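[1] Need coordinates for the below:
(chains A, B and C)
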Amino acid sequence: MIAIIKYWRGPLFWLALLLLAVFCMGQFEFLFRQLTPDAAEVIYHRESFAQLLLNHLLVVAVAACLAIIIGVLAGVVVTRSWGRDFLPLVSQVASIGQTFPPVAVLALSVPLLGFGDLPTIFALMLYGLLPVLRNTLAGLQGVAGSTLEAARGIGMSPLQVLLQVELALASPVILAGIRTSVTITIATAAIGSTIGASTLGNPVIAGLVNGNTAYVLQGAVLIGLLAVCVDSTFERIQHGLALRYGG
Amino acid sequence: MSDAAMIELRNVSRQFGDITAVDKLSLRIEKGEICVFIGTSGCGKSTTLRLLNKLIDCSSGEIWVDGEDVASLDSKLLRRRMGYAIQSTGLFPHWTVERNIGVVPRLLGWPADRIDARVRELLELLSLPYATFVHKFPSQLSGGQAQRVGVARALAADPDILLMDEPFGALDPITREALQNELLRIQSHIHKTIVFVTHDIDEALRLATRIVVMDKGRIVQHDTPENLLNNPVNSFVEDLLGQGERGLKRASLERVEDFMLPLGAAGLPSLSIEAGSSLRQALSLMLWQRADLLCVRDQAQVPLGILPISALLQSKSS
Amino acid sequence: MTSEPNRVVLTLALLALLIVCLGDFASVQANRIVPGQGLGLLAGLGWPWMTGIVVGLLGLAGLALRPTGRRYGLMLGLSGALLIQLPVALAWFIQQHISAEQPYARVGLAASCWSLLFIGALLLVELQQRVVAGRHWVKLILVLLFGVSWLLIGTGALAPLALLREYSSRSSTFWQLLYGHLSLVGGALLASLLIGLLVAWLILRVQPLQRPVFALLNFFQTIPSLALFGLLIAPLSYLSAHSPLLQQLNVRGIGWAPALLALIAYSLLPVVRNTCVALQGVAADVIESARGMGMSGWQVFTQVQLPLALPVIIEGVRITTIQAIGLTAVAALIGASGFGSFIFQGLGQGAMDLVLLGALPTIVLALLADALFSSLASWARAGVQR
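    This next block holds a predicted model:
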């Protein structure tokens, strides 16, 4: 038990700070008062921080899960012998797509789907797909030919080769792609406030519009803590995976 | 010759585009023999091996394994019946030695305790101490150890047939020789049918029951090592055997006990050699010690006979 | 010799055919406020034009069934033609549906037009690698596409396009924003290069610094842009309020100052990481042999290490630039000048054409930066090989 806590102390620390910020922001009113002495309200109250955090997480989770499923599936399909025709196109598109700024993708999803959570999720999914896809391709193509030959030679079925050998060996690289993807998704979801998604970006945008620096700071702190918390969790998972494979 | 060969190829061909890698090959491999394919790179020997476990399909012809046409067999099930070891080991880098060796039994659905016992037995057989190696990852093994694990994996499900594609090709000469001896020792216990691909003629002569010399997708000669040395069919086989060294190569295949003479009344020579040694070793000892007579003893140092240098020039006595 | 069908081209051509037949090509709006009315290919362009496009796509699919070297050339030509006819088709559409008495009427691109553009681009990507000198042909097609568009814009034939209507009512702002966007990106790039190279040099000398420096730079990358911008506002307004010098420089809590600082923080990681990797990646034996030939430390650096490392460093600059172009668009939220202004204004007003006027140039800038630095890197790589 102690060993587990010790292993996860990084993410736990950030999680504690995040929860503290979410539930005890009001306690720090005197500090924020210093920033905006003239404002009528110092603590953002339009929605509760917990609600914003939950919705932010929900948007990110849905988008990231879709991105991971589609990205890994696409990566697998184009590396099978029957899908290999599409490999050059897909890998080119994945690398060209990553030059598109996330904000632009977010903005362009509005004419397609309108305002709200849905276009945000769609844009995040589309953009988050690229790092997952790219790393899946890199990971699968990095598996040594002799390993694949041996796997087939000892009588594994194609599905067994894929699951037990290829994906297992590529998993550290794929996980790195998922980490990048989730980091971008969390950041872009915050900007999603501008297209009507209800996320932790709301206080920041409201603060910027009303000139209330305290709001901006509250939103910024929460977004930052959430990102660091999730990222440090991924760092631990990657670390664990590396240990398991005998580093 | 028994009626049903373990493996039989009938007029087997394989084309890659315009290139014919294997050209109308017909061949019988008997049960319990070590059949070694040898030839230059690109002669079709590895392709032939891959045809046997259907990693590659034949363009034409038939392959029969243990009385069944492989075309009618499911390739996965066929492969699980054949051990497969390759030069780069192909060990799965994300699995421990234990899991690597146990992979085929696991595929076959063996219970865990039986797999565990089998892994123990195989590590023992390949002289890898169980406690030291069982939880290691392939990246933590030396080249020779990894190759031993590779062979153990090939043997795991106790297949009748073992396919080995230059398994010792990447090893240093000392380790390679140790593993060759190991393979011969194991084979004397397990009596598998082994199909072995190599480009090293010494390895072929040492291991083979019969050797298949291949060139440009065809069989040039299919014979026992002795016959190959004594009667090479053409200059290609002669070149492969290495013209200048043929005498020594043959001598290394012949055993002292087959050439020794009975103990005479005269006293025993002071230099001795074991009965199981090769003529080559006997000759080397004579040259080094400038002696023309050796005493032949068994493992318990009991004298069995004498070996004068003239005996080396006779054809086999028995 | 029989050849396998090219399933990629086949799929793309049939997909395009489906969308072209089902989707609207363009929409007509009487003014900026009212909703537009979408028109399909037949209603919008008439049957001769529609036939042309359909036959072109069918031809593409037909050629893809039995591709040969020559047919790939034809396919590339057909794909190019499909793209190049788009601006002409739009001009034709405008002539058919907008009269000169409607100065506020505007035409927006709709699904099938966007799809043709997008699938056309995919076709170019796919075919470029199948045709001898494909890259050059694709470049020629792009030049022709932009040339034709430019020509049509010049004659005013495309003026009722919604995007151009938005542009013409804000052309001076547009160029100001371009200037603002580029100067922020350029400033951040320059500063991060200077600081980044210095930091890289330092941590290569003082190895124990590597871990903490990379941890810090990684940490910056993890903080979402909106958060970092927001976090910088409070301290900067405080500093500005207490320093007349900063006030003179127009440094305030919002505006260019927090944007630039955040951009530099984000840009440092790619620059430092790639520089370190590149310099450390020069094989030890190469350096050893250079030393062995009697080169001084400086000569080893300038003649061996730097030329070998340059392509990787340029790759770092490429990543930095693309990232900075996107982040600058976000920085519009904290009042920094850039195409983000159009995007967020447009989102605020629900004016999608204005959003496009902000988003498309941002994407184009990123693609141009990508092309520029990619070719610089390959030029540097070729220099190494020479």
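
[2] so where do the helices sit in chain A?
    A:2-7, A:9-24, A:29-35, A:49-77, A:87-97, A:102-113, A:117-141, A:145-153, A:158-160, A:167-191, A:201-210, A:213-244 (DSSP state H).

[3] Which of the ones you listed sits closest to B:P167?
    Closest of those to B:P167 is helix A:145-153, at 11.5 Å (criterion: C-beta to C-beta). C-beta: built from backbone N, CA, C; applies to glycine.

[4] What are the contacting residues of the closest one?
    A:160-161, A:164-166, A:169, B:53, B:55, B:79, B:84, B:86-93, B:163 (C-beta atoms under 8 Å, 6 or more residues apart in numbering or on different chains).

[5] Now it: buried residues?
    Neighbour-count burial for helix A:145-153 flags A:T147, A:L148, A:E149, A:A150, A:A151, A:R152, A:G153 (criterion: 16 or more other C-beta atoms under 10 Å in any protein chain shown).

[6] Now flag whichever of these is closest to chain B.
    A:A150 (2.5 Å; C-beta to the nearest C-beta).

[7] Check the offset of stretch A:6-13 from the chain's centre.
    In terms of C-alpha atoms, centre = their mean, to the nearest Å, the centre of stretch A:6-13 is found 19 Å from the chain centre.

[8] mean confidence for it?
    The predicted model gives stretch A:6-13 an average pLDDT of 92.

[9] Buried ones in it, by neighbour count?
    Using 16+ other C-beta under 10 Å as the test for burial, stretch A:6-13 gives A:G10, A:P11, A:L12.

[10] ok, and does it reach over to chain C?
    No: applying C-beta under 8 Å from any C-beta of the partner chain, one finds stretch A:6-13 separated from chain C by no less than 11.5 Å.

[11] Restricting to C-alpha, output that stretch in CSV.
    The C-alpha trace of stretch A:6-13 is given here as CSV (Å, rounded to 0.1, in the frame of the first residue of the first chain):
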residue,chain,number,x,y,z
LYS,A,6,5.0,6.3,-3.0
TYR,A,7,4.9,5.3,-6.6
TRP,A,8,2.0,7.5,-7.4
ARG,A,9,2.9,10.4,-5.1
GLY,A,10,3.5,12.8,-8.0
PRO,A,11,0.0,12.5,-9.5
LEU,A,12,-1.5,12.3,-6.0
PHE,A,13,0.2,15.6,-5.1
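
[12] contacts for it?
    Contacts made with stretch A:6-13 from outside it, assessed by C-beta under 8 Å, 6+ apart, are listed as A:I5, A:C229, A:S232, A:T233, A:E235, A:R236, A:G240.

[13] The last one: how many residues sit nearby?
    If you count neighbours by other C-beta atoms under 10 Å in any protein chain shown, A:G240 ends up with 12.

[14] Local confidence estimate at residue 85?
    Looking at chain A here, since you left the chain open. On pLDDT, A:D85 comes in at 89.

[15] that's the wrong chain, I wanted chain C
    92.

[16] ok, the residue of the stretch 201-318 of chain B found nearest chain C - contacts?
    Using C-beta to the nearest C-beta, the single residue of the stretch 201-318 of chain B nearest to chain C is B:G217, 22.4 Å away. For B:G217, the contact set (C-beta under 8 Å, 6+ apart) comprises B:S13, B:T20, B:A21, B:V22, B:D23, B:L25, B:C43, B:G44, B:T47.

[17] any idea whether the fifth one is helix, strand or coil?
    The reference is to B:D23. strand (DSSP: H, G, I helix; E, B strand; the rest coil).

[18] Grab the nearest non-local neighbour of it.
    Once flanking residues are discounted, B:D23 sits nearest to B:G217: 3.8 Å by C-beta to C-beta, 6 or more residues apart in numbering or on different chains.

[19] go on, the second one?
    Distances taken as C-beta to C-beta, 6+ apart place B:G217 nearest to B:T20, at 5.4 Å, with adjacent residues excluded.

[20] Which residues of the stretch 1-150 of chain C lie near chain A?
    Residues of the stretch 1-150 of chain C lying near chain A (C-beta under 8 Å from any C-beta): C:N6, C:R7, C:V8, C:L122, C:V125, C:E126, C:Q129.

[21] Could you do the stretch 1-150 of chain B as well?
    Counting by C-beta under 8 Å from any C-beta, the stretch 1-150 of chain B sits next to chain A at B:53, B:55, B:75-81, B:84, B:86-94, B:96, B:103-104, B:107, B:136-137, B:139-140.

[22] same question, the stretch 201-350 of chain C
    C:219, C:221-231, C:233-234, C:237, C:253-254, C:322, C:325-327, C:329-330, C:333-334, C:340, C:343-344, C:346-347.

[23] Remind me which helix or strand B:V220 belongs to.
    Assigned by DSSP states H and E, B:V220 belongs to strand B:218-223.

[24] Nice, that's everything, thank you.
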